[in-house]
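1. Starting from these lines, generate the structure:
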Amino acid sequence: MTCDEAQILLHALLDNELDAGHAREVEAHIATCPACTAEFTAQREMKRVLADTKLRYSAPASLRTRIEASIPQARPQPSRRSVLRGFAMGSAVSALAATGVVAVVLRQDDQQRILSEVVSAHLRSLQAGHLIDVVSTDQHTVKPWFNGKLDVAPPVIDLTAQGFTLVGGRLDYVDARAIGAVVYKRRQHIINLFVSQTASTEHRPPKTQTMQGFNCRRWGERGLNFWAVSDIGGDELAEFVDKFETAMKANVEG
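-> Numbers count the residues shown, from 1 in each chain. So this is what the prediction gives:
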């Protein structure tokens, strides 16, 4: 054992913290090394002096009295039952709030996913041979074609007089289920109107979003969800939706 190694272990030897093997090694080195012997003797003497010296200080009783007098009187503590009741109520409110936030986030994520699928379906339809399953400008031909293919046939309205030409329809797949797609043209631009059934019968006003360079106007009416997708401008797409809604309401009331 070297002097450096022994110097590190001297304190541990004094405090009886070494195992028997290391203790014997350090003791054997000290027996043959005057420098380490002197260092060990000095540390042992310091330990003895510190143990004998009265370093403990006892504060006078008057100090305790002054400290206690300066401490504000403690307020009555709430009972364990009231604390638990408050904790339970707070936890319940927090849980409800968290549930609401999670529900909103999940609903928004779900809507974005479906919008992405709708736009993808629109892109697929623009490939050759994918746009139309039934070719017709006659709404009385297109609408019956959907019968038996879907639980609810989408409303088919001829808007040619309003500048949006009906050219046909097809089946498409969004959100892992078949839905109807009614196809219109505005000059050379295609408008796909996707229609799916929903459990909600509330009216949801139209809202326009843009994805992958396409405008998509979504709304809900009478248990149906609608997505109108096209590369025409947002104003023109809003005009199409307005004319479609007006004509659909007129057909229902008529």
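2. going forward, measure contacts between C-alpha atoms and count neighbours the same way
-> OK.
3. So Phe194 versus Ala23, what's the distance?
-> 87 Å (C-alpha to C-alpha, to the nearest Å).
4. which of the two has more neighbours?
-> Higher neighbour count among Phe194 and Ala23: Phe194, with 26 against 18, using other C-alpha atoms under 10 Å.
5. Secondary structure class of the more buried one, three-state.
-> strand (DSSP: H, G, I helix; E, B strand; the rest coil).
6. Let me see the contact set for it.
-> Val118, Ile179, Gly180, Ala181, Val182, Phe226, Trp227, Ala228 (C-alpha atoms under 8 Å, 6 or more residues apart in numbering).
7. ok, so of those residues, who is nearest Ser125?
-> Distances from the contacts of Phe194 to Ser125 were compared by C-alpha to C-alpha; the smallest belongs to Ala181, at 9.8 Å.
8. so where's this protein uncertain?
-> Scanning the chain for pLDDT under 70 picks out 53-58, 73-109, 253-254.
9. Let me see the domain layout of it.
-> Domains of the chain are assigned by automatic domain parsing as 3-52, 112-253.
10. Among the ones you listed, show me which one is buried the most.
-> domain 112-253 (a mean of 17; mean count of other C-alpha atoms under 10 Å).
11. Could you give the separation of that domain from the chain centroid?
-> Counting by C-alpha atoms, centre = their mean, to the nearest Å, domain 112-253 is centred 31 Å from the centre of its parent chain.
12. Please renumber the chain so that the first residue is 92 from this point on.
-> Right, with 92 as the first residue, what we last looked at is domain 203-344.
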